[in-house]
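# After the sequence you'll find the predicted model.
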Amino acid sequence: MHAEALRQHEVKDDLATPVLMAVALHVAIVVVLLLAGWWQPMPKMVSVAGPVVEASLVVSPADVRAAEQTAAEAPKPAEVEPIEAAPPPQPLPAPQPQTAEEQIQPEPQEAQPEPAPVDQEAVARLALEQQQAKEREEQEAKRRQEQIDLTEREKQAEAERKQRLRAQLEEIRKEREAAERRTKMEEQRLQQLADAQARPAPTPQPAPAAPAGGNNGTDTDLAARYALAMHQTADAAWNRALAPERVPCKVRFTQIPGGEVINVQFLSCGFDDQARESVERALRRGPMPYAGFEPVFSRQIDLTFCHPQEACPR
């Protein structure tokens, strides 16, 4: 359609030129005819030899009337009919803009072969196989995730079990070390006791004239002052920071003459291991009071550790 429109437009352009030339020729002919009716050639001047003769035309009234009558009787010239001018050329129609459908002509497509008939059963079977494969993949992914979760839980449980085992082993190691220390200390005390028994007993010295220290009480008995001296010595060497407040700890220690402690036994004590070790170190730090208290010397002494003393049961 686009090519046909172009051909029509070219044919119109070929006809427009001769038509315009014909119209221009007719207009030129009309102009020449009009000018020929209006224009008359000027008379030529004739040169005659001789002097110029002046003459005047004398016309009588009879001549005038005869001329007027002749003119009236003369036939009138035929009126010239005006030549109709050729009609102006009609303007050529403006080319119409071509629409998108006219401008873009789709190329003829080759005939597509008819599709083969679809096997509905094969399509349904393929869809079912794909669905089953997808379900198997989802189940396999779920199984793998469950296996991973189970493995992680087993690893966490194993780590917790190992941590508990390490804590138990550490506790056993500490108890074993403490038992070994106690065994060595018992052996040392037994050896010291054996050595003390092998040595002769020291000669008792007379009591000093100065009054023995007390706690501002009214009991002047030597045994009471001996017990007070024992308690003050042990309390001064005891580290209270490791023991809980208002919790009593009753111990029984064994000493040899001279005040050296060779054995410590906890009778009823609410302290932990560290607090108990602090009590034992306080008793073994130095010799217990002995000089001046020989008459009331006792190999086994019971003491109660507690702080603050004013808040502890008596």
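Arrived safely, thanks for sending. Everything numeric here is computed off the predicted structure, so don't read it as measured data.

# in this structure, which spans are strands?
249-256, 260-269, 300-305 (DSSP state E).

# Go through the ones you listed and pick out the most buried.
Neighbour counts (mean count of other C-beta atoms under 10 Å) averaged over each of the strands of the chain peak at strand 249-256, with a mean of 19. In this view, the C-beta of every residue, glycine as well, is placed from N, C-alpha and C.

# and that one, what does it pack onto?
The contact analysis (3 or more C-beta pairs under 8 Å, 6 or more residues apart in numbering; DSSP states H and E) places strand 249-256 against helix 120-198, strand 260-269, helix 273-284, strand 300-305.

# what's the average pLDDT for it?
Averaging pLDDT along strand 249-256 gives 93.

# what does stretch 275-292 contact?
By C-beta atoms under 8 Å, 6 or more residues apart in numbering, the residues outside stretch 275-292 that reach it are 205, 207-208, 212, 226, 229-230, 233-235, 237-239, 242-244, 249, 251, 253, 255, 257-261, 264, 266, 269, 271, 297, 301, 303, 305.

# okay, the strands of the chain in JSON lines with distance to residue 181 next?
Shown next, in JSON lines, are these (distance: least, C-beta to C-beta, whole Å):
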{"stretch": "strand 249-256", "distance to residue 181": "16"}
{"stretch": "strand 260-269", "distance to residue 181": "12"}
{"stretch": "strand 300-305", "distance to residue 181": "19"}
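
# So which of those strands is nearest residue 170?
When those are compared by C-beta to C-beta, strand 260-269 sits nearest residue 170, at 23.0 Å.

# Just list what the closest one packs against, helices and strands only.
So strand 260-269, by 3+ C-beta pairs under 8 Å, 6+ apart, packs with helix 120-198, strand 249-256, helix 273-284.

# Could you provide those in CSV, with additional columns for distance to residue 25?
Formatted as CSV, the helices and strands packed on strand 260-269 follow (distance: least, C-beta to C-beta, whole Å):
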stretch, distance to residue 25
helix 120-198, 81
strand 249-256, 149
helix 273-284, 140
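
# Out of the strands of the chain, which is closest to residue 186?
Nearest of the strands of the chain to residue 186, taken as C-beta to C-beta: strand 260-269 at 6.7 Å.

# how about low-confidence regions in the stretch 1-150 of the chain?
Counting by pLDDT under 70, the ranges of the stretch 1-150 of the chain that qualify are 1-16, 36-61, 63-64, 67, 70-111, 113-118.

# I'd say residue 269 and residue 249 touch.
Yes - using C-beta atoms under 8 Å, residue 269 is in contact with residue 249, at 3.7 Å.
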